[in-house]
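In: Quick one, fold the following:
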Amino acid sequence: MVDLFDFILDESFDDEEDSEKLLTVSELNNEIKDLIERHFLRIWVEGEVTNFHKSDRGHWYFSLKDSYSQIRAVCFSRQNSRLGFSIEDGTHIQVWGKLTIYEQRGEYQIVVESLAPFGKGAIQEAYEQVKEKLEKEGLFDESRKRSLPAFIRRIGIVTSLKGAAIKDMLKMFEEVENLYVTLIPTRVQGEGASLSISNAIELANLHNFQCLDKDKIDVLIVGRGGGSVEDLWAFNEEIVARAIANSSIPIISAVGHERDFTIADLVADLRAPTPTAAAKMIVEARKELINRLNRSKNSLIEKIRFRLISMENRINKLRSPLERTDTRIKDLQITLNRYNQRLKDSLRARISNDKDKLFLIKDKLTPAAILSILQKGRSDYLLLKQRLISNRYFVEKFRNALEIKEASLRARSPLAILERGYAIVFDQDGKVIRDSSQVVDGEEIKIKLAKGRITSIVTDREI
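Out: Next up is the predicted model:
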């Protein structure tokens, strides 16, 4: 690295020439700023927070100090709003940012782009701050967590491609047929890791929104292999927790640590102690599903086989009576033929007999006999005609009397009375109300009119 003040020892530095150049304060500060920013790119610095102040716009202004020195720092609201925890005087942190100079006062400072707690005490305090905040919002509630899908066809993995975790998981997934993996590479530690992880989760969800159903990710594994608390800190960041909570894809958090829980573990739908354990969880679930399907298939085949045997036995049982029925039909056919022949013989005999009788009747039907029959018929006709006239008179008389009775009954009918504007009132039990004392105020009554009914409520009575 080039030392900031190497130019002081440069032998080519011409004291006399530069001494004649007169600089304003602004020009001097501007040259120093340019020199600092060119020779010091982004750097990591750790120290204790002092003189902390938060502006109305949310910017953080503070100094970092150690036992001997201090340096001013600023962290703008756009950066600190993503942290999920706050700092105060005495907090021990490490910051990553750009070294520059505040020209108006000639003070050099660090413009902080990211910061993290430093030391166990500070890390635990920041962890508790994020945990308490998200817990109050209900992001850890079991009621909002989802079970893994019954059939997992495609798995998404959000992790680093350089670690051993991805190799172990892919090796396990190779054991299962028709199981597909979509890799979403991300940084898992260091500067920008939390943003990279949250972006990867959002990318997986965007993929599901745009792709065909067969290519959709069924479950997402978010994690990494083991490491120190500082190495795993990205999985405690609020931005990662919210990305997990907002995911439409069920998520397994698989950060490589056995005893402690990261914030990601608490928000995720399911937690696995390591990435390998997460892969094993899915593989075993898939194998169990296949076993259940095989058992169901075998059970179904057995039921179908039993059903076929049962139906075959039933057909055999029905076939025997049918065979006996066939024999019976043949016997009945013989009997029917026999009766048919008898009927034909009987009809021939009857026709022959009737023919003989017709010849006898023909001999008896002389003109005198026919005339006698006609005269008797005419006499019977005249007698019946006279009776018919008498009966017609009686029927007409009876009809007139019936019409009079009908008119009288119609006039007395309740329906005829209703036609004249009257009504019949019933109580709730369907009994006719004839007296106002039969009801009370507020009672529901029904009123029958000539056409239709009315339901009413008693509001007043006169007894």
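
In: quick one: contacts for V130?
Out: Counting by CB atoms under 8 Å, 6 or more residues apart in numbering, V130 makes contact with G84, F85, N236, E237, E238, A241, I263. Just so you know, the C-beta spots here come from the backbone N, C-alpha and C atoms, and that holds for glycine as well.

In: and the last one, how far is that from E135?
Out: Taking CB to CB, to the nearest Å as the criterion, I263 is separated from E135 by 10 Å.

In: Those two - which one has more neighbours?
Out: Taking other CB atoms under 10 Å, I263 and E135 do not tie; I263 has more neighbours (25 against 14).

In: Quick check, pLDDT for the more buried one.
Out: According to the prediction, I263 has pLDDT 89.

In: cool, and W60?
Out: For W60, pLDDT reads 91.

In: in the sheet, who's paired with it?
Out: K54, C75 (DSSP bridges).

In: so it sits right up against F52, yeah?
Out: Yes: counting by CB atoms under 8 Å, W60 does reach F52; the two are 7.0 Å apart.

In: Overlap of the contact sets of these two?
Out: Residues touching both W60 and F52 (CB under 8 Å, 6+ apart) are I87.

In: More neighbours: the two, which one.
Out: Neighbours were counted for W60 and for F52 using other CB under 10 Å; W60 has more, 21 against 16.

In: thinking again about what came up before, most widely separated two among the contacts of V130?
Out: Spatial extent of the contacts of V130 (CB to CB) is set by the pair F85 and A241 at 11.7 Å.

In: Point out where the stretch 1-150 of the chain drops to low pLDDT.
Out: Scanning the stretch 1-150 of the chain for pLDDT under 70 picks out 1-20, 84, 120-122.

In: all helices of it, in order?
Out: With helices called from DSSP state H, counting those that start in this stretch, the stretch 1-150 of the chain shows them at 15-19, 25-39, 77-80, 120-136.

In: go on, the stretch 151-300 of the chain?
Out: Using DSSP H, counting those that start in this stretch, helices in the stretch 151-300 of the chain cover 164-173, 193-210, 238-245, 263-267, 275-364.

In: Does R410 touch A416 like I think?
Out: Yes: between R410 and A416 a contact is recorded at 5.8 Å, counting by CB under 8 Å.

In: So between these two, which is more surrounded?
Out: Legend: neighbour count by other CB under 10 Å for R410 and A416, higher for A416 (13 against 10).

In: Tell me the confidence at the more buried one?
Out: Per-residue confidence for A416 comes out at a pLDDT of 71.

In: Reduced to three states, what does the residue lying farthest from the centre of the chain come out as?
Out: Among the C-alpha atoms of the chain, the one most distant from their mean position (CA atoms, centre = their mean) is that of A368, at 105.3 Å. On the three-state scheme (DSSP: H, G, I helix; E, B strand; the rest coil), A368 is labelled helix.

In: rank the helices of the stretch 151-300 of the chain by mean pLDDT and give me the bottom one.
Out: helix 275-364 (a mean of 82).

In: What helices and strands are in contact with that helix?
Out: Helices and strands touching helix 275-364, by 3 or more CB pairs under 8 Å, 6 or more residues apart in numbering; DSSP states H and E, are helix 164-173, strand 219-224, strand 251-255.

In: The longest one - contacts with which helices or strands?
Out: Translated: helix 164-173. Packing partners of helix 164-173 (3+ CB pairs under 8 Å, 6+ apart): strand 154-159, strand 180-185, strand 219-224, helix 275-364.

In: Return the set of buried residues in it.
Out: Residues A165, I166, D168, M169, M172, F173 are the ones in helix 164-173 that count as buried (16 or more other CB atoms under 10 Å).

In: Could you check the angle that helix makes with helix 275-364?
Out: Helix 164-173 runs at 30 degrees relative to helix 275-364, counting by axes from the mean of the first three to the mean of the last three CA atoms, to 10 degrees.

In: quick one: which of the buried residues of helix 164-173 is nearest to V74?
Out: Of all the buried residues of helix 164-173, V74 sits closest to A165, with 37.0 Å by CB to CB.

In: got the contact list for that closest one?
Out: By CB under 8 Å, 6+ apart, A165 lies in contact with T159, G223, R224, G225, A254, G256, T274, P275, T276.
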